[in-house]
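K.L.:
A structural model of the following input is requested.
(one chain, ligands or ions: 1)
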Amino acid sequence: MRVTHRAVIATLAFLAAVGVEGGSPPSLPGGASSCPGEMARVPGGLFRMGVNDGQPEEAPVHQVSLPSFCMDRDQVTIAEFARFVKATGYKTTAEREGWSGVFRLHAGAWDKVNGADWRHPDGPGSAGKPNEPVTQISWEDATAYAHWANKRLPSEAEFEYAARGGLEGKKYAWGDELRPHGKDKANLWQGTFPTKNTAADGFAERAPVGSFAPNAYGLFDMTGNVWEWTADWFDASYYGKSPRYNPRGPESGQYRVIRGGSWVCSEDACQGYRVAAINQTAPDSGLNNLGFRCARDVF
Ligand SMILES: [Ca+2]
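P.N.:
Model (predicted):
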């Protein structure tokens, strides 16, 4: 049975269970890399992907080799997505279907909300800030944006490699401690999920992109804020048969891999912010904690 947008609600509880900032950073001067200024050049290399002591689909740890690629420094913002819509007249999946999935902070629960879309990520009457990551975006929507921008979605391997920032075998994108020296490193959920969000990291919901320090590759929010679509289909057994060079995921599937965790990700109910953590959802899902960023080949 084909999974439709309607299936999103079925995944919401799972997302909640495993669940997972304004202004743009300065651009590199032209010529400093072969990537556009809003993208960082991630140098190719070898890395050990996955983890053996996490969820079954995160194992086995396996060596992966990637060529250099360009990666957006930030999650795509509402302002950026608005430029795409203005130029193309594009209608998102949620706009066509008339509803999308919303985690209602005050209710502490996921809900199917009529009128929720990228302009109104938390439902009618809500308005996301221009410099926060765009959400309520399906995989098809993210892919359409990437095509318009002459980019593509990152593969799952590219996402994990980029998120690790050159560190080897660490639990989190920045090391092995979730809050080194008591300092929050990403927009996650502090407190008891789903009833109490202390927002100790400064943000109760989505944060403007770039609100936390970048990793060594100059990438912001590779952990937290919103989950991010990758190009790949999900297969729980894929790591056992993944090609070593530049893996691009299974040839087909039912769900797409999402990575990074989100503001709905608490320590007591979620491990989605671990750098090897995998999540998956139907390609036509829209959620107020799911966005994307783009990658591009190095020319
Ligand atoms: Ca937070």
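K.L.:
so what's the residue positioned nearest the centre of the chain bridging to?
P.N.:
Taking Cα atoms, centre = their mean as the criterion, residue 228 is the residue nearest the geometric centre of the chain, at 1.7 Å. The partner list for residue 228 in beta bridges (DSSP bridges) reads residue 259, residue 291.
K.L.:
which SS class is the closest residue to residue 57 other than its chain neighbours?
P.N.:
Counting by Cβ to Cβ, 6 or more residues apart in numbering, the nearest residue to residue 57 once its immediate chain neighbours are dropped is residue 236, at 4.1 Å. Heads up, the C-betas are built off the backbone N, CA and C, glycines and all. Put simply, residue 236 is coil when judged by DSSP: H, G, I helix; E, B strand; the rest coil.
K.L.:
around the ion, pick out the residues from the stretch 101-250 of the chain.
P.N.:
187, 201, 203 (Cβ under 5 Å from the ion).
K.L.:
residue ranges in this structure under the pLDDT threshold?
P.N.:
1-33 (pLDDT under 70).
K.L.:
which residue ranges of it form helices?
P.N.:
8-18, 78-88, 93-97, 139-148, 156-164 (DSSP state H).
K.L.:
just the CA atoms of stretch 284-295, as PDB, please.
P.N.:
Taking Å, rounded to 0.1, in the frame of the first residue of the first chain, the C-alpha atoms of stretch 284-295 are listed here in PDB:
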ATOM      1  CA  ASP A 284       4.800  13.400   1.600                       C
ATOM      2  CA  SER A 285       5.000  14.200   5.300                       C
ATOM      3  CA  GLY A 286       5.000  17.700   6.500                       C
ATOM      4  CA  LEU A 287       5.800  18.600  10.200                       C
ATOM      5  CA  ASN A 288       6.700  21.700  12.100                       C
ATOM      6  CA  ASN A 289      10.000  20.200  13.100                       C
ATOM      7  CA  LEU A 290      11.100  19.000   9.700                       C
ATOM      8  CA  GLY A 291      13.000  21.000   7.100                       C
ATOM      9  CA  PHE A 292      16.000  20.600   4.900                       C
ATOM     10  CA  ARG A 293      19.200  22.000   3.400                       C
ATOM     11  CA  CYS A 294      20.800  21.400   0.000                       C
ATOM     12  CA  ALA A 295      24.100  20.000  -1.200                       C
END
